[in-house]
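K.L.:
after the sequence you'll find the predicted model.
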Amino acid sequence: MAQEQPACAMKPEQLQQLLLASREAKKAAYCPYSHFPVGAALLTRDGKIFSGCNVENASYPLGICAERTAIQKAVSEGSKDFLAIAVSSDVQDDFITPCGACRQVMREFGTKWAVYMTKPDGTYDVKTVQELLPASFGPDDLQKT
Ligand SMILES: O=c1ccn([C@H]2C[C@H](O)[C@@H](CO)O2)c(=O)[nH]1
Ligand SMILES: [Zn+2]
């Protein structure tokens, strides 16, 4: 549902900052093949924001989504306790929604954090990782044998 309450404790100004950061990140998108720019911004529990864009490649399958760019940046700089990620695209009439690969990578770092899926007009839909990827396979499942 659009504009529902955030699924995590985040100050309204922090959310606005995150939404803006995802829109800004979209400007760096490298998408000469799809012409579909996407930006993402990830908020950590200790208040850091990591942003990312999609980065495509002439070898098409090597392209990476904005969400995973942001997550890889954060993890590689020592942050993996995430509160929320915001995603922005140029699609006017629908909220941009993460692909399955990104959902699985998000899930690696927990199921209870929030994914803000936006439209260019600033409205958003928010769901938890759990809602986007129910009955998921995660790190704990590897301990079950
Ligand atoms: O949530 C999404 C959906 C798509 N893309 C990218 C992947 C590809 O570069 C382009 C078209 O699918 O958009 C993202 O980065 N995030
Ligand atoms: Zn993706």
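P.N.:
Here it is on my side, so go on. Ligands and ions are numbered 1, 2, ... in the order given.
K.L.:
now residue 80: how far from ligand 1?
P.N.:
20 Å (C-beta to the nearest ligand atom, to the nearest Å). For every residue, glycine as well, the C-beta is placed using N, CA and C.
K.L.:
could you report the neighbour count for that residue?
P.N.:
14 (other C-beta atoms under 10 Å).
K.L.:
I figured it hits residue 105, correct?
P.N.:
No - in this structure, residue 80 is not within contact of residue 105 by C-beta atoms under 8 Å, at 11.4 Å.
K.L.:
sec struct for residue 88, please.
P.N.:
strand (DSSP: H, G, I helix; E, B strand; the rest coil).
K.L.:
what residues are up against it?
P.N.:
19, 22, 23, 25, 26, 38, 39, 40, 96, 118, 120 (C-beta atoms under 8 Å, 6 or more residues apart in numbering).
K.L.:
which of the residues you listed sit farthest apart?
P.N.:
The distance between the two most remote of the contacts of residue 88 (C-beta to C-beta) is 14.7 Å, for 40 and 120.
K.L.:
comparing those two, which residue is more hemmed in?
P.N.:
residue 40 (32 against 14).
K.L.:
my read is that one is in a helix, agree?
P.N.:
No - Residue 40 is assigned strand when assessed by three-state DSSP, not a helix.
K.L.:
from what I can see it touches residue 69, true?
P.N.:
Yes - under the criterion of C-beta under 8 Å, residue 40 makes contact with residue 69 at 7.0 Å.
K.L.:
got any residues that touch both of the two?
P.N.:
52, 53.
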